[in-house]
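In: with the input below, show me the fold.
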Amino acid sequence: MHSFLKKYLILLAVVAVTSSLNADVAIYTAQTNWTSVVYANQQARLCAERLEAIGVTTTLFRTTNKEQALADWLTAQTDDGDLDVLILFGFAPGSIYGSGNTQPDGSPAELFIESTDGDTIINHGDYIFYVSDPPNTQHGLQNITDLENIAMGGENHPMEVTELGLEIAPSLRNFVSDRPLHTAGLGGDWFVEAALAQNPDGTLVDPAIIRDGDRGRIVTMFQAIQQDDPMGAVASEVVAWLLGEKLEPTSYTVLAPTACVVAAPIKLSISVIDDSGTITGGHPIDVNLKSSSPTGAFDVSPMGEFDGSKVSFDVPDDGSISVYYKDMTPGDHAITVSNLGLPALEHEIRDITVFEDLSGNPGKVAIYTGNVSLINQEPANIQAQICADQLNPFGISTTIFQDPAETEELAHWVSEATNNGVVDALVLFGYLPDTLYAPENAEADGSIIELFIESTDGDVIINHGDYMFFVSSALNKVGGLQNIMDIPNIHMWGKDNSMVPTELGSHIAPSLVNFQSDRPFHVDHLEGDWFVEAALAEDAANNLADPVIVRDGNRGRLVPIFQTAFQDDDPKGAVAAEVIKWLLTKSEEPPLFRRGDVDGNGMLEMTDPINVLLYQFQGLFIPVCLDAADFDDNGKVEITDAISSLSHQFLGTVPPALPGKSTCGLDPTPDAPEEGGDLGCLEPPTNC
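Out: Sure thing, here's the model as predicted:
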């Protein structure tokens, strides 16, 4: 420890002398390894923009014919009195270090970091100095550092950001490293200047800033295989820190839908950004939110009170915060994001259209299992029956189409359910029948299924199994979803993504558990009036969701649920039923009622059987709870119910079936819609 402190004090003294904004940065992207040239160029541009914003000159070397020019740049910057930086992406060109270790000592790269300017080489992607043509293997790093035991081995090591790491690089997040630096391999004057992220015992570090006494540095950063890590952002923050600078935020960015419906909370993702548009944290910032609507309100949870008391929110160290907005007034409104403290940031205004929700009363449900994909038909039929059985107590009629020959009947059902003034739901199992949408996207616009979700009934399509609308008798591929949503870039790619239920998801669907999604919905690609009505489970970055309810303004909804490959233990039917109940009734439990109390006034009396007759023969009375009208609980409302009620009241015959006339309770017997029964309660009686 004494030796380390001594080196650290020397370092501080040297940095005070050598750090300067006269620094130059070179970024080489002509050849890469473990990351694509395209991604490397993207990250290089971002890094350059951020550094140039604080006055650092940056040169990009993007072609192989510039490799000698890169070597000349290194030589010119060596011992020039300024701290300069070279950034590589997993490939060491032979011009700066002889490929195949043909120049083990005295190379331009080695001389660059042996000067007392504090010059630095940063590397992303593959093992630093390992890959060249031919490869240097591990000897490249060993020769340049003169350390025979230095190493960077091991795949899939979780790296946790340290307190110092977050201070230096606010854009850094926990990630998995495939070539972390082994600190035990350091020796001589080499020491760890800063461990930005590390394993639990600190023996493996990435990113790591190591320094050779008072001379140069090597920075290994995101040594990972084909991961879209924030290389440019973190590299620029490390360079700024080495120069004694801090990349400060200047404004906000707000990711939010452009539309929602009355009373439906939507998520606003608010981040503080710098001049290059990069999210930057590590700053104590309070954001203030204001809506131009008199009824617009904010909360930290979609299940919050939204009582208008929450207008100021603390942005955490990572620079981003999620806030929810709910409005009760239709129209075009503006949300303003501002702050009163320091640093003073530019205001951000986001326009949002709030639609009136024109959804009707609960309608019916159709489930198609005649053709399926990424699930076998038998488990699909089992899940369909589970869904139907759980919807029955709520009075929601369900028709299951199990035969591939029933697609014409299904198309008729969908057409009849379109613009009928009630909320209907269609459930598919990874297969889109040709009668609803012509295969191979032959009917890209105006199909039966598109018209179904374009009505303002709020109709719903749920999909399990394979990619939504991808599979028909001939593949629609990604065009199916894109055409039906009218969003050209929407997709559901990605295997084995960990989905964790959200607070709202657990509330809507208690049966939902953690699982791996093979076709998650990319909610960050929504456009137009489409918005997330409810994300039931999300990945860690909140960009992928499954299950998720997305809605097209005040029109229809799409709901992918368990987009998984042959995972028969997923509770597809239960979760689908819970989602349908929530959308159609906004209730999680079947309503309580008194048997025979048809008008819901809390008493069984002569007017109740009269109302049954008025309902049956003249349509002059609509019971809100048909189960209450089903006196004998045979699953049907018929004339015998009125007769039995009158007989009991005046002749003392058999009383009404359970839960009885005096006690509010549940229906103990499931109704059978396929046999003519379609009961339940649209809403609980007021006296229960």
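In: so where's the stretch 451-600 of the chain uncertain?
Out: Residue ranges of the stretch 451-600 of the chain with pLDDT under 70: 586-590.
In: can you give me the strands in the stretch 51-200 of the chain?
Out: With DSSP state E, counting those that start in this stretch as the criterion, the stretch 51-200 of the chain has strands at 57-61, 85-88, 120-123, 157-161, 175-177, 181-182, 190-195, 197-198.
In: in a markdown table, list the ones you listed along with mean neighbour count.
Out: C-beta here means a position set from N, CA and C on the backbone, and glycine is covered the same way. Listed next are those as a markdown table, based on neighbours: other CB atoms under 10 Å:
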| stretch | mean neighbour count |
| --- | --- |
| strand 57-61 | 17 |
| strand 85-88 | 27 |
| strand 120-123 | 26 |
| strand 157-161 | 19 |
| strand 175-177 | 21 |
| strand 181-182 | 24 |
| strand 190-195 | 20 |
| strand 197-198 | 26 |
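In: next, residue 41: phi, psi?
Out: Summarising the backbone geometry of residue 41 under the convention degrees, to the nearest 10, its torsions are phi -60, psi -40.
In: now it: how far from residue 32?
Out: The gap separating residue 41 from residue 32 is 9 Å, by CB to CB, to the nearest Å.
In: neighbour count: those two, which is higher?
Out: Each of residue 41 and residue 32 has its neighbours counted (other CB atoms under 10 Å); residue 32 has more, 21 against 18.
In: and the more buried one, what pLDDT?
Out: Predicted confidence (pLDDT) at residue 32: the value is 98.
In: who are the neighbours in contact with it?
Out: Shown in contact with residue 32 (CB atoms under 8 Å, 6 or more residues apart in numbering): 40, 89, 90, 91, 125.
In: what lies in contact with the helix or strand hosting the first one?
Out: Pointing back at residue 40 there. When elements are defined using DSSP states H and E, residue 40 is found to belong to helix 37-52. Here helix 37-52 makes contact (CB under 8 Å, 6+ apart) with 25, 27, 29-32, 58, 60, 62, 87, 89, 124-125, 228, 230-233, 235-237, 239-240, 247, 274-276, 278.
In: now the angle between strand 57-61 and it, please.
Out: 170 degrees (axes from the mean of the first three to the mean of the last three CA atoms, to 10 degrees).
In: buried ones in helix 37-52?
Out: Residues 39-51 are the ones in helix 37-52 that count as buried (16 or more other CB atoms under 10 Å).
In: all strands of the stretch 351-500 of the chain, in order?
Out: If you assign secondary structure with DSSP E, counting those that start in this stretch, the strands in the stretch 351-500 of the chain sit at 361-368, 398-401, 422-428, 460-463, 497-501.
In: residues contacting the nearest residue to residue 559 once chain neighbours are set aside?
Out: Using CB to CB, 6 or more residues apart in numbering and skipping residues adjacent in sequence, the residue nearest residue 559 is residue 462, 4.5 Å away. Residue 462 makes contact with 425, 426, 427, 428, 559, 560, 561, 576, 579, 580 under the criterion CB under 8 Å, 6+ apart.
In: repeat that for 7 Å
Out: With contacts defined as CB atoms under 7 Å, 6 or more residues apart in numbering, residue 462 is in contact with 425, 427, 559, 561, 576, 579.
In: give me phi/psi at the fifth one?
Out: Pointing back at residue 576 there. The phi and psi values for residue 576, taken as degrees, to the nearest 10, are phi -60, psi -40.
In: re earlier: make TSV out of the contacts of residue 32 and add distance to residue 474.
Out: As requested, the contacts of residue 32 are exported to TSV (distance: CB to CB, whole Å):
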residue	distance to residue 474
40	39
89	42
90	42
91	44
125	41
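In: among these, which are located in helices?
Out: Within the contacts of residue 32, residues falling in helices by DSSP state H are residue 40.
In: list just the nearest of the contacts of residue 32 to residue 386.
Out: Taking CB to CB as the measure, residue 386 sits nearest to residue 125 out of the contacts of residue 32, at 47.8 Å.
In: any idea how far that closest one lies from residue 89?
Out: For residue 125, the distance to residue 89 - CB to CB - is 5 Å.
In: now for those two: what residues contact both?
Out: Contact with both residue 125 and residue 89 is made by residues 32, 35, according to CB under 7 Å, 6+ apart.
In: for the residue nearest to residue 217 when sequence neighbours are not counted, give the beta-bridge partners.
Out: Closest residue to residue 217 apart from its sequence neighbours, by CB to CB, 6+ apart: residue 120 at 4.2 Å. Note on residue 120: beta-bridge partners by DSSP bridges are residue 85, residue 217.
In: residue with max distance from the center of the chain?
Out: residue 651 (63.4 Å; CA atoms, centre = their mean).
In: I'd like to know how far it sits from residue 229.
Out: Residue 651 sits 81 Å away from residue 229, going by CB to CB.
In: chain center to stretch 656-675: distance?
Out: What separates the centre of stretch 656-675 from the centre of its chain is 42 Å, taken as CA atoms, centre = their mean, to the nearest Å.
In: need the contact partners of that stretch.
Out: Under the contact criterion CB under 7 Å, 6+ apart, stretch 656-675 has outside partners 389, 392-393, 397-398, 590, 592-597, 604, 627, 631-633, 635, 648, 655, 677-680, 688.
In: rewinding a little: now the two most distant members of the buried residues of helix 37-52.
Out: Across those, the longest distance by CB to CB is 18.7 Å; it joins 39 and 51.
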